[in-house]
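> I would like to see how this sequence folds:
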Amino acid sequence: MRMARLTKGAWYTVSSGVAVLFVSPLLFGLLNSLKSPGEAVQIPPSYLPAHPTLSNYTSLSIGGLGIGTFFLNSVIIALATVMATVVLASLAAYGFARFAFMGSRGLFVLMLASIMVPFQVLMVPLYAILNRVSLTNSLLGVILVLATFQLPFATFVIQNSFSSIPEEFWEAATVDGAGAWRRLQIALPLVSPGVITAGLFAFFAAWNEFFTVLILLSDEPKYTLPVMLTTLITGALGNIHWGILDASVVITAAPCLLMYIVLQRHFVRGIMAGMGR
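Numbering: from 1, shown residues only. Just a heads-up that it's a prediction; the model follows:
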């Protein structure tokens, strides 16, 4: 009994240390975002702001555009990518899980193999295709590219969730007269952890995407938060305003942290389903 308590105590100690290690940069960034410009660069540094201020948040702007513009662009791209990924991946996963056809397994493996191809390698032909259909320098073009590259993993996770449903469930639904679409509607609540997991991964990827946005978008008003952050890092005349930079980092990280905290339980269950457990 005593050994079990010691083991449990050691586990909590190590876990707490790891948690502090990961949380401390976020906490210091939040505190620095509340400091004045002089206080943010003073030596030796102060851990707590002597006179907290929100001026760093109100001063966030690039080329006369407030951070609200870039935040809205990020929200539009992330949410649209999630919706497209979840809908298409759910339909594909349901088909792979319930309707076996000649070559379905090989097609599924080929789809998964595409995950190993770095999307940067495909940006040149993708740009040429999007330019041909006039989708460069548009949010829709970015959304289509991001959703395309999220589909294989999302389909894999949701397909495993469908496969974990007992066969008796499908037989009972068929006996009750449910068709293919009705069975899909009935099963969706059961695979919600996998759907949420796929949606979270798609949201994180779209929210933090930098390379695709930088390549496909040329108009500054269409930029997202990661691209705006890069502009802030370069600074003016080589100077970096650390308070404003930390404020933008806090605004960028907050939605991801909030979504993960709210959906953490479903996320873990979805990961287990995606691993085939």
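> quick one, what contacts A187?
Counting by Cβ atoms under 8 Å, 6 or more residues apart in numbering, A187 touches Y94, F162, I165, F169, A173. C-beta: built from backbone N, CA, C; applies to glycine.
> any idea which helix or strand comes after the helix or strand where A198 lies?
Per DSSP states H and E, A198 falls inside helix 192-208. Moving toward the C-terminus from helix 192-208, the next helix or strand (DSSP H and E) is helix 211-216.
> From the contact counts, what lies against that next one?
Contacts defined by 3 or more Cβ pairs under 8 Å, 6 or more residues apart in numbering; DSSP states H and E place helix 211-216 against helix 123-132, helix 139-163, helix 225-234.
> For those, give me a markdown table that also has distance to F203.
Shown next, in a markdown table, are the helices and strands packed on helix 211-216 (distance: least, Cβ to Cβ, whole Å):
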| stretch | distance to F203 |
| --- | --- |
| helix 123-132 | 21 |
| helix 139-163 | 9 |
| helix 225-234 | 13 |
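> nearest to L31, of the ones you listed?
Minimum separation from L31 across these (Cβ to Cβ) falls at helix 225-234, 18.2 Å.
> Which secondary structure elements does that closest one sit against?
strand 61-62, helix 67-98, helix 211-216, helix 242-262.
> ok and it relative to helix 67-98, angle-wise?
Using axes from the mean of the first three to the mean of the last three Cα atoms, to 10 degrees, the direction of helix 225-234 lies 140 degrees away from that of helix 67-98.
> what angle separates helix 225-234 from helix 242-262?
Using the same axes, to 10 degrees: helix 225-234 against helix 242-262 is 150 degrees.
> For helix 225-234, list every residue counted as buried.
Buried residues in helix 225-234, counted by 16 or more other Cβ atoms under 10 Å: L225, P226, V227, M228, L229, L232.
> quick one: the second one and T212 touch, right?
Read that as P226. No: at 10.2 Å, P226 and T212 do not qualify as touching, with contact defined as Cβ atoms under 8 Å.
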